[in-house]
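Colleague: From the sequence below, what's the structure:
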Amino acid sequence: MFEIQISNPVILKTKNKSSSTIEEAIETIFPLDTEYAFIKWGYIFIPLSYKYDISLMVNDLIKVYTFIKDENVHSYEMHWASNTFASLWHLTKEFGKVKIIAKWTTVLGELEDLLNANNEIIVEPIELTSSVEKMIRFLKKSLFFAGYSASDLTDFDLFDIVLK
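Modeller: Numbering: from 1, shown residues only. You can find the predicted model right below:
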């Protein structure tokens, strides 16, 4: 089982003129003290800060989506770079499913040992793509709410990869 669970975080209507990328803008619009998102990894819930995890993960989520949709690529390695969600994922497509083997380094809640003991999941591609689509749609809507548009962020068109 894999799912990205979106909560109900506070979204600040604070457009920072110096934000030029999706990552920078997401970090701006979510305060540190707000609800977390969660990844359901099997039956383990992994907390994600919108401000410091999701902001760094947004581009990688789009890459995971692209990997799943690309019929010519059968394996992909993902380095999640947040200091509160640091892990290495090796994704492979096998028999119509996606197998993820992860090496967890740092996770909020000190879940590394539990996750490393349960480091492999096999999921339906639709589980991954629908979770990514849901999060990307939420982030795009949140950026619009805060006052951002495609003319403000150089990589705003990356949303179109997922939200065609």
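
Colleague: only C-alpha atoms for contact and neighbour calcs from this point on.
Modeller: OK.

Colleague: export stretch 65-80 as CSV, just CAs?
Modeller: Extracted C-alpha coordinates of stretch 65-80, given in CSV (Å, rounded to 0.1, in the frame of the first residue of the first chain):
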residue,chain,number,x,y,z
TYR,A,65,5.2,10.1,-12.2
THR,A,66,7.2,10.4,-15.4
PHE,A,67,9.0,7.2,-14.7
ILE,A,68,5.8,5.3,-14.1
LYS,A,69,4.2,6.7,-17.3
ASP,A,70,7.3,6.0,-19.5
GLU,A,71,7.0,2.5,-21.0
ASN,A,72,10.6,2.5,-22.1
VAL,A,73,12.2,2.9,-18.7
HIS,A,74,12.0,0.0,-16.3
SER,A,75,14.1,1.1,-13.3
TYR,A,76,14.8,4.4,-11.6
GLU,A,77,16.7,5.5,-8.6
MET,A,78,15.4,8.4,-6.5
HIS,A,79,17.4,10.2,-3.8
TRP,A,80,15.1,12.1,-1.5
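
Colleague: if we look at that stretch, which residues are touching it?
Modeller: Residues outside stretch 65-80 that contact it (CA atoms under 8 Å, 6 or more residues apart in numbering) are 57, 60, 86-93, 98, 125, 128-129, 132, 161-162.

Colleague: what about 10 Å?
Modeller: For stretch 65-80, contacts defined as CA atoms under 10 Å, 6 or more residues apart in numbering pick out 53, 56-57, 59-64, 85-94, 97-105, 125-126, 128-133, 161-162.

Colleague: Show me the longest helix that occurs in this structure.
Modeller: helix 125-146 (DSSP state H).

Colleague: other SSEs contacting that one?
Modeller: With contacts taken as 3 or more CA pairs under 10 Å, 6 or more residues apart in numbering; DSSP states H and E, helix 125-146 sits against strand 2-5, helix 22-29, helix 55-69, strand 97-107, helix 159-162.

Colleague: Comparing the ones you listed, which comes out most buried?
Modeller: Greatest average neighbour count among those goes to helix 22-29 (a mean of 22), per mean count of other CA atoms under 10 Å.
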